[in-house]
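Q: below are the sequence and a predicted model; questions follow.
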Amino acid sequence: MKTFMGIAASNGIAIAPAFRLTGLNLSVKKRSIEDPTAEIKRLHAAIDVSKDELLIIKRKALKDLSHPVAEVFQAHIAILADPVFLEKIELMIKQNGVDAAFALQTVVDDYRKHLQATTPDHQTRYRLVDVNDVARRVLGHLLGRPLASSFQADYPVIVVTHELTPSQTVQFSPSLVRGIVSDMGGQTSHAVIMSRGLAIPTVVGLQGALSSIHDGDIVIVNGLTGEVIVNPTDAQRATYTELIKEDQRRNHQLMASKQENVRADKKRLPMIVANIGLPSDVDGALKAGADGVGLFRTEFLFLSSKRLPTENEQFRAYKVVLAQMAGRPVTIRTADVGGDKTLPYLRAATEANPFLGNRAIRLAFSQPDSFRVQLRALLRAAVYGKLSVMFPLVTTLDELKRAKQMMANERAKLTHQHISVGDVRVGIMVETPAVAVLADQFASEVDFMSIGTNDLTQYVMAADRGNQQVADLYQPNNPAVFRLIKTVIGACHDNHIPVSVCGEMAADKMAIPILVGMGLDAFSANPRSINKVRCLIKRLNHRKMVTLANKVVTMAGTTNQVEAFVQQAVHNEAQTYK
Amino acid sequence: MEKREYNIIAETGIHARPATLLVQTASKFNSDITLEYQEKSVNLKSIMGVMSLGVGQSASVTITADGEDEKQAIAAITETMKSEGLTD
């Protein structure tokens, strides 16, 4: 038994036999060549194959890890396209008549020496890891010993290595690589950020690990404390095995409540996504296990500032949300100001009926410059994830077309300025009865719809939702509202586009069964309601809910009658629900 | 020749990701573009060059573009600097 202490780099505990990953012996011997042109061609062939491999690795990283982490591989790809680097290697092949592998190794060595001489800080090491990782890949191809096949354990192991590289780490499967121990490295190295993303317990900076741990030694990695125990006693093994089991139990419980996407009757669950108002709300959404963001209100940017937020301020806020959601869909609503949310710096005329006045998309058209700024920020942020943009309070098709045209114009301008823009799906909020009634006409013009039930209810019932005196008329669960929602869902499905609800209704236990019965594709609720919504939906029998929904839209009654009906049909049967 | 000075405000300085984006932006232009920091100057189209500088927070760097599209190049680079939060 032997205990080592290293730097705790990625949480969790693992126990498995050691697998020493020594890397291939890529020692390069200087070789003279006859034909420099052919040798340079060989170099480029090796670089091209490496680039293709890195693209595949990057795609895998994008799938398994968060966006910023995967970007490390974009840097690796950029190294392979570095004109100064390539020119130096080519020059050496030409002038000295040496082979490509030797030239590459020499240029990388020079680079290392240059770095060590000019930047003595600890950062140097990390930068070298990236360059070495890429160089070794190319060298492997030049020497006919590609890296791709270097890891071959087919049983659970603890990988013991000298220094982790990003491209190695991202290819570790957590079911086989239970833990990682390395001689070198620190908490912020790219590879460690990846092992953390993959949730593989990792201890780094453990000098002498590779030389003192043998293949097959039983190793315990405690990624919480930095402790590594080699060939533990029976008592230690028992203690840690128990700790691991406890961890697994906890994880299973979390997974069960978050990611179980199958309903009791085995039909796929609709998406449960989050409504957020601030970039910092993303944490809560992710913790609640949201499948994405269904509504990101952008008003905060406008309401919390004394002046109009700049394009870059907006861009950063949108980018943060997209990056953190790591490829999950994010729907951002363009500014919904006016009505009850007025801005001091956009002095608008006083209106007798603000909710029927110049608000949301209407205000955007009357302030086209600010609207364009927001559209530009959104198009640019789209590069960082899966972005949908929707316009609030659209009433006519002309408005939709105008907004789309403005977006197309900004896209063209940005492209012309060499500024990167991403793909954006375009949709509308369904809040006005005019859109709900003509939903079939709108459905062919958009990529998705989202029903804002708060405003839709207020406009259908002609009852100001902030006015206490008509509060009893503000009835989201009125059959009139449901009949309109059914029209909208039907029109969307006829046109093969998804439709969600992002108002309070999405978390209302009386409305959820009806919406499920209507085949709603996504429920967008506040993060704290997400688990409740998911639990309820999982319990519902889809076929029965279809019957229930069909009944509700033919009812002649009020909210009270609809709710009594749902209560009877759904909630009495399952008494656990509160 | 077009020249501009920037104050780096990002906590992590010009690390791998923004460096890659800066290099990608610079590579779109024909002009010769250099990045200067503490009297060392590198080609902004070279990722290894940029990373070798180890530009940290509150560093002051100068970017120079020389060529037919120098103005557009500096404008686009400034845009990338801002959108990556490297500078104000």
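A: Right, received. Where do you want to start?
Q: can you show me the strands along the stretch 151-300 of chain A?
A: A:157-161, A:177-182, A:202-204, A:218-222, A:227-230, A:271-276, A:293-297 (DSSP state E, counting those that start in this stretch).
Q: now do the buried residues in stretch A:437-451.
A: Residues of stretch A:437-451 classed as buried: A:438-439, A:442-443, A:446-451 (neighbour count, 16 or more other CB atoms under 10 Å in any protein chain shown). To be clear about C-beta, it is placed using only N, CA and C from the backbone, and glycine gets the same treatment.
Q: format the residues you listed as CSV; extra columns: pLDDT and secondary structure.
A: Output for the buried residues of stretch A:437-451, formatted as CSV (pLDDT from 0 to 100; DSSP: H, G, I helix; E, B strand; the rest coil):
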residue, pLDDT, secondary structure
A:438, 96, coil
A:439, 96, helix
A:442, 96, helix
A:443, 95, helix
A:446, 95, coil
A:447, 94, coil
A:448, 96, strand
A:449, 97, strand
A:450, 97, strand
A:451, 97, strand
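Q: need the max-distance pair from these.
A: Put simply, by CB to CB the two of these set farthest apart are A:438 and A:447, 17.5 Å from each other.
Q: could you point out the longest helix of chain B?
A: helix B:70-83 (DSSP state H).
Q: is that helix up against chain A anywhere?
A: Yes. Contact of helix B:70-83 with chain A (CB under 8 Å from any CB of the partner chain) involves B:72, B:75-76, B:79, B:82-83.
Q: where is pLDDT lowest across these?
A: Lowest pLDDT within the residues of helix B:70-83 next to chain A is found at residue B:83 (86).
Q: near chain B, which residues of chain A show up?
A: A:68, A:71-72, A:74-75, A:78-79, A:81-85, A:111, A:114-115, A:118-119, A:121, A:123-124, A:127, A:130-131, A:190, A:312, A:315-316, A:319, A:380, A:417-419.
Q: which members of these occur in helices, if any?
A: A:68, A:71-72, A:74-75, A:78-79, A:83-85, A:111, A:114-115, A:118, A:123-124, A:127, A:130-131, A:190, A:312, A:315-316, A:319, A:380.
Q: what comes up buried for stretch A:411-419?
A: A:411, A:414, A:418-419.
Q: elements contacting whichever strand or helix holds residue A:459?
A: Secondary structure assignment for residue A:459, by DSSP states H and E: helix A:453-460. Packing partners of helix A:453-460 (3 or more CB pairs under 8 Å, 6 or more residues apart in numbering or on different chains; DSSP states H and E): helix A:433-437, helix A:479-494.
Q: quick check: the residue located most distally from the centre of chain B vs residue B:80, distance?
A: Centroid-distance maximum for chain B: residue B:68 at 18.2 Å, with CA atoms, centre = their mean. Plainly put, residue B:68 is 20 Å away from residue B:80 if you go by CB to CB, to the nearest Å.
Q: for residue A:29, what are its contacts?
A: Neighbouring residues of residue A:29 by CB atoms under 8 Å, 6 or more residues apart in numbering or on different chains: residue A:102.
Q: distance check, it against residue A:105.
A: 10 Å.
Q: and for residue B:16?
A: With the distance defined as CB to CB, residue B:16 ends up 22 Å from residue A:105.
Q: what's the burial count for the nearest residue to residue B:55 once chain neighbours are set aside?
A: Among residues not flanking residue B:55 along the chain, residue B:14 sits closest, at 4.2 Å (CB to CB, 6 or more residues apart in numbering or on different chains). The number of residues packed near residue B:14 is 26, by other CB atoms under 10 Å in any protein chain shown.
Q: and for residue A:110?
A: By other CB under 10 Å, 12 other residues sit near residue A:110.
Q: again with residue A:398
A: 9.
Q: state the pLDDT value of it.
A: According to the prediction, residue A:398 has pLDDT 96.
Q: so how far is residue B:51 from residue A:55?
A: Taking CB to CB, one finds residue A:55 at 21 Å from residue B:51.
Q: buried by neighbour count, from the residues of chain A next to chain B: which ones?
A: By 16+ other CB under 10 Å, the residues of chain A next to chain B give A:71-72, A:74-75, A:78-79, A:81-82, A:85, A:111, A:115, A:119, A:123-124, A:127, A:130-131, A:190, A:312, A:315-316, A:319, A:380, A:418-419 as buried.
Q: circling back: excluding its backbone neighbours, what's nearest the residue farthest from the centre of chain B?
A: Leaving out its chain neighbours, the residue that sits closest to residue B:68 by CB to CB, 6+ apart is residue B:30, at 6.2 Å.
Q: contacts only, for that neighbour.
A: Residue B:30 touches B:67-69, counting by CB under 8 Å, 6+ apart.
Q: and those residues as a markdown table, adding pLDDT?
A: Listed next are those as a markdown table, based on pLDDT from 0 to 100:
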| residue | pLDDT |
| --- | --- |
| B:67 | 94 |
| B:68 | 94 |
| B:69 | 95 |
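Q: for chain B, which segments count as strands?
A: Under the criterion DSSP state E, strands of chain B are mapped to B:2-7, B:32-37, B:40-43, B:60-66.
Q: out of these, deepest packed?
A: strand B:32-37 (a mean of 20; mean count of other CB atoms under 10 Å in any protein chain shown).
Q: packing partners for it?
A: strand B:40-43, helix B:47-53, strand B:60-66.
Q: so residue A:213 touches residue A:20, yeah?
A: Yes. Between residue A:213 and residue A:20 there is a contact under CB atoms under 8 Å: 6.9 Å.
Q: which residues are in contact with both of those two?
A: Contacts common to residue A:213 and residue A:20, judged by CB under 8 Å, 6+ apart, are residue A:160.
Q: what's around residue A:77, how many residues?
A: By other CB under 10 Å, neighbour count at residue A:77 equals 18.
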